[in-house]
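In: Okay, sequence plus prediction incoming.
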Amino acid sequence: MREHRKKLERGGFVRQVLIMLTLAVVFTISGCSGSGGKELFETAKFEELQNNPQHATELYEEIVKKYPKSEYAKKAEERLNVLKGNK
């Protein structure tokens with residue numbers, strides 16, 4: 001009887017650990033996907049500073065395509081206009 005009870009207790013512990021790990025992964029993934037293009041925008045700005053307008057343009061276009069309603073899409077469009085001379 002005691003062995004059966006110990007197995008149940010260990011099973012409950014393992015289940016709790018699995019649930020916690022699953023939640024940690026879900027929160028990590030959702031946190032990364034909510035950037036709205038921030039990382040890409042920062043990389044594009046860096047490419048501009050490194051005098052690489054072609055790559056910066058590609059990154060800005062990717063932001064506009066992937067995150068069209070984000071604040072970074074608007075900023076990316078502004079930078080694209082400047083880079084393409086459409087101020």
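Out: Good, I have the coordinates.
In: Domains in this structure, by residue range?
Out: Domains of the chain are assigned by automatic domain parsing as 1-33, 38-83.
In: how about low-confidence regions in this protein?
Out: Flagging of the chain using pLDDT under 70 yields the residue ranges 1-11, 17-34, 87.
In: what about 50?
Out: 29-31 (pLDDT under 50).
In: the helices in it, which residues?
Out: Residue ranges of the helices in the chain, as given by DSSP state H, are 2-33, 38-49, 53-66, 71-83.
In: who does the shortest one touch, helix- and strand-wise?
Out: It refers to helix 38-49. Applying 3 or more Cβ pairs under 8 Å, 6 or more residues apart in numbering; DSSP states H and E, we find helix 38-49 packed against helix 53-66, helix 71-83. The C-beta positions use only the backbone N, C-alpha and C, and glycine is treated the same way.
In: ok and the last one relative to helix 38-49, angle-wise?
Out: Meaning helix 71-83. For helix 71-83 against helix 38-49, the angle between stretch directions is 20 degrees (axes from the mean of the first three to the mean of the last three Cα atoms, to 10 degrees).
In: Quick check: buried residues in helix 71-83?
Out: 72, 73, 75, 76, 79, 80, 83 (16 or more other Cβ atoms under 10 Å).
In: any chance of those residues in CSV, plus distance to residue 60?
Out: Converted to CSV, the buried residues of helix 71-83 look like this (distance: Cβ to Cβ, whole Å):
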residue, distance to residue 60
72, 9
73, 9
75, 9
76, 4
79, 5
80, 5
83, 7
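In: Closest one of those to residue 57?
Out: Nearest to residue 57 among the buried residues of helix 71-83 is residue 83, at 5.4 Å by Cβ to Cβ.
In: Go ahead and confirm the closest one touches residue 59.
Out: No. Between residue 83 and residue 59 there is no contact under Cβ atoms under 8 Å: 10.8 Å.
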